[in-house]
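[1] Sequence unavailable; structure follows:
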């Protein structure tokens, strides 16, 4: 994207410089000023008007993973009590857990990069991830 804007700025300066070479520097400075104003406005809007909080998304995704783990443990308990083989739903839950856990891992990495509040508690969130993984695998053991 920055290369596009660099090319667009160069094109605007070059085409204006063909008709009036004395104004090429003025056009370049005005265009650079417009880009800086756009950067400042986008930073302002993204931080104050529509901030993105990875922490909330992380908690929602964590609850979904915990629900999947509880379903695995419940299903495993039922199969242990009835002495039957693990049903096909167990494989589906395993696949669901893998997808949810990878989404949680991606949110953890994104949250660490974008939020100082999130990265301050990164050790707790990493411990939560390890605990979730261990809990899931403990639920799979027969």
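    Perfect, thanks for sending it. Bear in mind the structure is a predicted one, so any value in this text is a computation, not a measurement. Residues are numbered from 1 along each chain as shown.
[2] Show me how far stretch 88-104 is from its chain's centre.
    19 Å (Cα atoms, centre = their mean, to the nearest Å).
[3] I'd like to know how far the closest residue to residue 126 other than its chain neighbours sits from residue 124.
    Leaving out its chain neighbours, the residue that sits closest to residue 126 by Cβ to Cβ, 6 or more residues apart in numbering is residue 108, at 7.4 Å. For every residue, glycine as well, the C-beta is placed using N, CA and C. Using Cβ to Cβ, to the nearest Å, residue 108 is found at 11 Å from residue 124.
[4] Could you pull out the buried residues of the host helix or strand of residue 107?
    Secondary structure assigned from DSSP states H and E places residue 107 in helix 88-114. The neighbour-count check on helix 88-114 (16 or more other Cβ atoms under 10 Å) flags 90, 93, 96-97, 100-101, 104, 107-108, 111-112 as buried.
[5] In this protein, where is pLDDT below threshold?
    Across the chain, the ranges flagged by pLDDT under 70 are 1-2, 5-6, 9, 12-14, 16-18, 20, 47, 50-53, 83-87, 141-142.
[6] Which parts of it are helices?
    For the chain, applying DSSP state H gives helices covering 2-19, 24-44, 54-82, 88-114, 116-120, 122-140.
[7] and residue 115, how many neighbours?
    Using other Cβ atoms under 10 Å, residue 115 has 16 other residues around it.
[8] Verify the stated contact: it with residue 55.
    Yes: distance between residue 115 and residue 55: 6.8 Å, which falls inside the contact criterion (Cβ atoms under 8 Å).
[9] how does the protein divide into domains?
    The chain resolves into domains spanning 2-49, 54-140 when parsed by automatic domain parsing.
[10] Let me know which of those domains is tucked in deepest.
    Of all the domains of the chain, domain 54-140 has the most neighbours on average by mean count of other Cβ atoms under 10 Å, namely a mean of 15.
[11] distance between the ends of it?
    Start-to-end span of domain 54-140 (Cα to Cα, to the nearest Å) is 30 Å.
[12] Contact partners for the residue nearest to residue 126?
    Neighbouring residues of residue 108 by Cβ atoms under 8 Å, 6 or more residues apart in numbering: 58, 122, 125-126, 129.
[13] Fine by me, we can end here.
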